[in-house]
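Participant: Show me the folded form of this:
(one chain, ligands or ions: 1)
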Amino acid sequence: MIRFETVEKDYGDVKALRGVSFEVPCGGIVGLLGPNGAGKTTALRIMTGFLEPTAGQVFLDDQPFTPDSVEARRRIGYLPESAPLYGDMFAWDYLVYEARLHGLDPSERVPQVVRQVGLASHVHKPIRELSKGYRQRVGLAHALLHDPEILVLDEPTSGLDPNQILEVRALIRRIAETKTVILSTHIMQEVAALCRRVVVIHQGQVRFQGLLEDFSLGGGVTGGMPVRMVLAGIDPVVLLKRLEAIPGVERVELLEPGRDGIGVYPDPSAVIVRVFPRAGLEVRPELAREALSSELYEIVQEQSSLEDVFHALTREVHHG
Ligand SMILES: Nc1ncnc2c1ncn2[C@@H]1O[C@H](COP(=O)(O)OP(=O)(O)OP(=O)(O)O)[C@@H](O)[C@H]1O
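Facilitator: Numbers count the residues shown, from 1 in each chain. Okay, here's the model as predicted:
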């Protein structure tokens, strides 16, 4: 189990992590999500001992994790976003070289990891000649050489074509049968396809941590999700103006019956709107009050996609 406790990381004036606390239990795949610049790579580099926090502490099974702890490093494998590989070397020779460098027996470990990542047909080629998907497998094989319990992957499918993405995801799923995998991504399909748990980081702070099911139910954002209303007996323009004037409302869309996934209402004068509240705000009571001046047929919080939840959790801007 890995635990971050109020971890901070400054790069000069840039506060990359601001008191980050989260837990990664053993087993399964945990997704570290966040927009560009959120602090994901920084968190992963701290977790793998490549960076030291400015403040706070990381624990590995309740033991303080220190970057120079050989024991801790032995338990963690890391695939950085752009893994440095020697292009001129054959994949096999590279893995043998790296195994020796880490004091491992290449004759035992290299064939094992090559099999594990499905690289057998490509190991006797220079790395430079491999497709990006196969280079990623070389990187994975390298990260697995010392048979770590925990595998940390920084945007493992970034830059791959759709077929390679599916292959690498299947590979990650297979690896996660016996190891804990932590991966960073900002692709929601990746999260849905792979992760059991998610940690959302935004502007250096944790916005959500928990099971994927809870994330997909709104990630604890009580308001903020779009609300659909169906009304009659009111001019759409007047309605839009009134709703937009409610302080917690960010914007309002007019929906067309029969389109936008909306059914046709028996009353042809029905006006259907989608109201986007400001992040985290609950505006349904105000919307209902406003709607009482006309005929209200329906007011419902819409089913949110993972993208909607991610957006709601990461759209606020905090300074300082
Ligand atoms: N070596 C560095 N020196 C200065 N600032 C840095 C350094 N590395 C990262 N940063 C800054 O720290 C913040 C967090 O960066 P980080 O790379 O951890 O984010 P990320 O979530 O991994 O982003 P991305 O998805 O774009 O890789 C950003 O504002 C980034 O510009």
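
Participant: what sits against Gly28?
Facilitator: Counting by Cβ atoms under 8 Å, 6 or more residues apart in numbering, Gly28 makes contact with 176, 180-181, 195-197. Every C-beta, even on glycine, is put in place using the N, C-alpha and C of the backbone.

Participant: burial count for the closest residue to Arg274 other than its chain neighbours?
Facilitator: With Cβ to Cβ, 6 or more residues apart in numbering as the criterion, Arg274 has its nearest non-adjacent residue at 4.5 Å, and that residue is Glu253. Neighbour count of Glu253, defined by other Cβ atoms under 10 Å: 13.

Participant: Can you convert the contacts of Gly28 into JSON lines and add a column each for distance to Tyr78, pLDDT and secondary structure?
Facilitator: Output for these, formatted as JSON lines (distance: Cβ to Cβ, whole Å; pLDDT from 0 to 100; DSSP: H, G, I helix; E, B strand; the rest coil):
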{"residue": "Ala176", "distance to Tyr78": "16", "pLDDT": "96", "secondary structure": "coil"}
{"residue": "Thr180", "distance to Tyr78": "13", "pLDDT": "97", "secondary structure": "strand"}
{"residue": "Val181", "distance to Tyr78": "12", "pLDDT": "97", "secondary structure": "strand"}
{"residue": "Cys195", "distance to Tyr78": "18", "pLDDT": "95", "secondary structure": "coil"}
{"residue": "Arg196", "distance to Tyr78": "21", "pLDDT": "93", "secondary structure": "coil"}
{"residue": "Arg197", "distance to Tyr78": "19", "pLDDT": "96", "secondary structure": "strand"}
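
Participant: Out of those residues, the closest to Gln136 would be?
Facilitator: Within the contacts of Gly28, proximity to Gln136 (Cβ to Cβ) peaks at Val181, which comes in at 14.3 Å.

Participant: which residue ranges form the helices in the chain?
Facilitator: 40-47, 70-75, 91-101, 106-116, 132-144, 162-175, 188-194, 212-216, 236-244, 284-291, 306-314 (DSSP state H).

Participant: Please convert those helices to CSV, extending it with mean pLDDT.
Facilitator: What follows is these, written out as CSV (pLDDT from 0 to 100):
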stretch, mean pLDDT
helix 40-47, 95
helix 70-75, 83
helix 91-101, 95
helix 106-116, 95
helix 132-144, 94
helix 162-175, 94
helix 188-194, 91
helix 212-216, 85
helix 236-244, 94
helix 284-291, 91
helix 306-314, 81
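
Participant: can I get these in a markdown table with distance to the ligand and mean neighbour count?
Facilitator: Output for the helices of the chain, formatted as a markdown table (distance: least, Cβ to the nearest ligand atom, whole Å; neighbours: other Cβ atoms under 10 Å):
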| stretch | distance to the ligand | mean neighbour count |
| --- | --- | --- |
| helix 40-47 | 3 | 23 |
| helix 70-75 | 20 | 14 |
| helix 91-101 | 24 | 19 |
| helix 106-116 | 26 | 16 |
| helix 132-144 | 16 | 23 |
| helix 162-175 | 17 | 16 |
| helix 188-194 | 13 | 19 |
| helix 212-216 | 18 | 17 |
| helix 236-244 | 33 | 15 |
| helix 284-291 | 33 | 16 |
| helix 306-314 | 11 | 21 |
